[in-house]
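Chemist: pasting the structure only:
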């Protein structure tokens, strides 16, 4: 395997790992935002 191939495969691997980490953090952020919205709506008194 040449140095160019190693660099290409390494770059591809880093790109895939970056994508996976970004997806994980987006999901976690969505869950947190959803939970915060639920808590905010639960704190508001109901209007009758």
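Modeler: Yes, it's here. Keep in mind the model is a prediction, meaning the values are calculated, not measured.
Chemist: Which residue ranges of this protein form helices?
Modeler: Using DSSP state H, the helices of the chain run over 3-43.
Chemist: where does it dip in pLDDT?
Modeler: By pLDDT under 70, the weakly predicted segments of the chain are 46-48.
Chemist: If we use 90, what do you get?
Modeler: Judged against pLDDT under 90, the low-scoring parts of the chain cover residues 41-48.
Chemist: Run a quick neighbour tally on residue 2.
Modeler: 7 (other Cβ atoms under 10 Å). Every residue, glycine included, has its C-beta placed from N, CA and C.
Chemist: Now it: phi and psi?
Modeler: Main-chain torsions, residue 2, degrees, to the nearest 10: phi -80, psi 170.
Chemist: Could you do residue 44 as well?
Modeler: Note on residue 44: its backbone torsions stand at phi -70, psi 130 [degrees, to the nearest 10].
Chemist: Next, count neighbours for it.
Modeler: The number of residues near residue 44, taken as other Cβ under 10 Å, comes to 7.
Chemist: any idea how far residue 37 is from it?
Modeler: Applying Cβ to Cβ, to the nearest Å, one obtains 11 Å for the distance of residue 44 from residue 37.
Chemist: Same question for residue 43.
Modeler: Using Cβ to Cβ, residue 43 is found at 11 Å from residue 37.
Chemist: So which of the two has more stuff around it?
Modeler: residue 37 (10 against 7).
Chemist: which ones are touching that one?
Modeler: By Cβ atoms under 8 Å, 6 or more residues apart in numbering, the contact set of residue 37 is empty.
Chemist: Okay, it and residue 9: tell me how far apart.
Modeler: Note on residue 37: its distance to residue 9, by Cβ to Cβ, is 42 Å.
Chemist: what do you get for residue 44?
Modeler: From residue 44 to residue 9 the distance is 53 Å (Cβ to Cβ).
Chemist: Same check on residue 32?
Modeler: With distances defined as Cβ to Cβ, the gap from residue 32 to residue 9 amounts to 35 Å.
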